[in-house]
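Undergrad: Build me a structure from this.
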Amino acid sequence: MVLDSHPQRRELNDEVHARPAGELRAPAGITYLAVLSPLAVRDEEWRRVCELAASCGVATPAERATHFSADLGRFTLRFERHGEFARYMFVAPTGGSDPFERTALAAVPEAFLDGLPGRVMVAAHGAFLADLAVAADYEAIAARWFDGNALVGSEVGDEAAVALTDFRIRTDDYSRFLVLDRHTSPRQAGRIVQRVLEIDTYRMMASLALPIARDLTSFFAECERELSQVTGVLESPGDEDEARLLDRLTWLEAQIQTRAAETDYRFAAAAAYYGLVQRRIAELRERRIPGLQTFGEFTERRLAPAMNTCRNAASRQEALSRRVERANQLLATHVSITRERQHQALLESLDRRGRAQLRLQQTVEGLSVAAITYYVVGLIGHVVAGLDALGHRIPPELAMGLSIPVVAGLAAIAIRRIRHSIARTAD
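TA: Numbering: from 1, shown residues only. From the prediction side, this is the model:
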């Protein structure tokens with residue numbers, strides 16, 4: 001039976017198996033780099049990985065891969081490509097009393113590291129050692145390998161190992177971590193080390209949003225002050241204010257939307273990275289070591305306030321955008337009401353003019369009747385005078401006087417009928 005599978009079925013299924021943690025056996029030295037790299041440098045990034053593997057006689061995938069792991073002889077390389085950054089982990093056997101004296105990075109060719117594309121976010125030297133035969137003296141460990149700094153750590157993996165670090169960057173630009181093996185399997189040890197490194201990586205990636213949130217504080221204050229002034233004017237604006245208020249609101253909204261376009265992704269990414277930090281801490285299954293902060297406690301005390309600041313900045317930005325939108329709607333409503341009032345005043349003016357024209361028209365009609373009567377009565381006088389010449393003795397003055405009411409009435413009736421006829425035609 002041939003199954004008609006979705007073209008991405010195998011790819012989606014294998015996604016859960018992507019980037020498996022490598023095996024670790026004590027004693028081992030680890031050097032880890034998390035490099036923030038844009039899309040433009042990814043071909044160069046992969047080219048360097050391929051050249052490093054080829055120089056050690058190891059073949060790489062034909063196409064650019066997001067994950068590559070291989071034993072290159074003197075060291076093991078693990079390369080992972082993520083959305084915003086790439087991770088390099090070099091693992092080499094270590095010996096001697098000080099695992100940080102000669103790190104795994106010493107086994108990596110300098111040509112590979114020289115000019116590595118991108119900017120480093122995390123650089124750490126680590127050691128995976130067998131647990132001490134006697135009870136660990138954490139004060140001595142801190143003094144010997146961590147410059148006396150306060151340690152952060154716990155028993156992890158259901159007490160299978162102890163993970164320690166101080167989350168500090170030293171003068172060589174590297175931080176340090178130490179994992180002491182009690183009874184882990186090689187794969188469990190690899191998972192523990194990977195989680196410790198991911199906690200530090202995602203913590204740093206989440207923190208990228210904090211400077212942005214801080215910088216936005218003054219911008220928000222300026223926008224809120226401007227918006228407050230605009231809404232104050234909106235309480236009793238004059239007609240001359242509307243165009244200026246619209247310009248101010250448009251400029252304010254453009255500024256806010258520009259900042260939102262620049263920062264929304266960063267704030268959303270910070271929330272996602274913070275969620276990953278919390279999940280990786282939960283996966284460590286920590287058990288407290290007396291006198292030390294656990295990874296969870298340190299992160300909540302240090303990172304949680306930073307993430308709250310970022311969330312507040314994102315919320316404040318969204319709320320400010322909504323307030324500007326409401327102010328725009330309020331201004332639009334006011335403009336609409338003003339226009340309606342102007343239209344009403346215009347209609348009232350037209351109505352007054354119409355009534356004045358009607359009165360004028362009525363006056364003109366009266367004058368027209370008088371003028372017509374005058375001319376028609378004059379014509380009657382001439383007609384009567386002519387009849388007098390024919391021998392019909394009718395006094396012209398009498399005939400004219402008697403004809404005035406008749407002529408005036410007929411003229412008034414004729415003019416009114418003409419006006420009514422024109423009005424019906426217009427309707």
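
Undergrad: tell me, how many neighbours does Ala65 end up with?
TA: Look at Ala65: counted by other CB atoms under 10 Å, it has 14 neighbours. Placement of C-beta: from N, CA and C, glycine included.

Undergrad: Assign it to helix, strand or coil.
TA: At Ala65, secondary structure determined by DSSP: H, G, I helix; E, B strand; the rest coil is coil.

Undergrad: and the longest strand seen in the chain, what other elements does it pack with?
TA: What stands out as the longest strand in the chain, according to DSSP state E, is strand 119-130. The contact analysis (3 or more CB pairs under 8 Å, 6 or more residues apart in numbering; DSSP states H and E) places strand 119-130 against strand 28-36, strand 175-181, helix 186-207.

Undergrad: mind running it again at 10 Å?
TA: If you count contacts as 3 or more CB pairs under 10 Å, 6 or more residues apart in numbering; DSSP states H and E, strand 119-130 packs onto strand 28-36, strand 85-93, strand 161-165, strand 175-181, helix 186-207.

Undergrad: Make a markdown table from the ones you listed and add distance to Ser218 to it.
TA: Putting the helices and strands packed on strand 119-130 into a markdown table (distance: least, CB to CB, whole Å) gives the following:
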| stretch | distance to Ser218 |
| --- | --- |
| strand 28-36 | 26 |
| strand 85-93 | 29 |
| strand 161-165 | 35 |
| strand 175-181 | 32 |
| helix 186-207 | 20 |
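
Undergrad: re earlier: let me know the next secondary structure element after the longest strand of the chain.
TA: Following strand 119-130 in sequence order, the next helix or strand is helix 138-145 (DSSP states H and E).

Undergrad: roughly how far is that next one from the heart of the chain?
TA: Offset of helix 138-145 from its chain centre (CA atoms, centre = their mean, to the nearest Å): 46 Å.

Undergrad: any idea of the mean pLDDT in the next helix or strand after it?
TA: On the C-terminal side of helix 138-145, the nearest following helix or strand under DSSP H and E is strand 152-156. For strand 152-156, mean pLDDT is 94.

Undergrad: before we move on, what about stretch 99-114?
TA: Regarding stretch 99-114, the rounded mean pLDDT is 89.

Undergrad: May I have the distance across that stretch, first residue to last?
TA: Stretch 99-114 has an end-to-end distance of 24 Å (criterion: CA to CA, to the nearest Å).

Undergrad: quick one: buried residues of it?
TA: 99-100, 103-105, 107-108, 112 (16 or more other CB atoms under 10 Å).

Undergrad: what's the answer for stretch 278-297, then?
TA: Neighbour-count burial for stretch 278-297 flags 278, 280-281, 283-284, 286, 289, 292-296 (criterion: 16+ other CB under 10 Å).

Undergrad: that older thread, deepest of the helices and strands packed on strand 119-130, which one?
TA: For the helices and strands packed on strand 119-130, the largest average neighbour count (mean count of other CB atoms under 10 Å) is found in strand 161-165, namely a mean of 24.

Undergrad: other SSEs contacting that one?
TA: Short answer (3+ CB pairs under 10 Å, 6+ apart): strand 161-165 packs on strand 119-130, helix 138-145, strand 152-156, strand 175-181, helix 186-207, helix 295-389.

Undergrad: residues in contact with Gly148?
TA: For Gly148, the contact set (CB atoms under 10 Å, 6 or more residues apart in numbering) comprises 139, 142, 166.

Undergrad: Against Arg176, how distant is the second one?
TA: So that's Ala142. Distance from Ala142 to Arg176, counting by CB to CB, to the nearest Å: 11 Å.

Undergrad: which residues are in contact with both of those two?
TA: 149, 164, 166.

Undergrad: low pLDDT regions in the stretch 301-427 of the chain?
TA: For the stretch 301-427 of the chain, applying pLDDT under 70 flags the ranges 335, 337, 358-367, 388-393, 422-423, 426-427.

Undergrad: cutoff 50 now
TA: Scanning the stretch 301-427 of the chain for pLDDT under 50 picks out nothing.

Undergrad: out of everything not next to it in sequence, what's closest to the spatially most central residue of the chain?
TA: Against the mean C-alpha coordinate of the chain, by CA atoms, centre = their mean, the closest residue is Asp264 at 3.2 Å. Setting aside the residues directly before and after it, Asp264 is nearest to Ala314 in space (CB to CB, 6 or more residues apart in numbering), at 7.4 Å.

Undergrad: Same check on Ala54?
TA: Spatial nearest neighbour of Ala54, chain neighbours left out: Thr60 (7.3 Å); criterion: CB to CB, 6+ apart.

Undergrad: I'd like to know how many residues surround that neighbour.
TA: Under the neighbour criterion other CB under 10 Å, Thr60 is assigned a count of 17.

Undergrad: What residues does it make contact with?
TA: For Thr60, the contacting residues are 46, 49-54, 68, 70, 79, by CB under 10 Å, 6+ apart.
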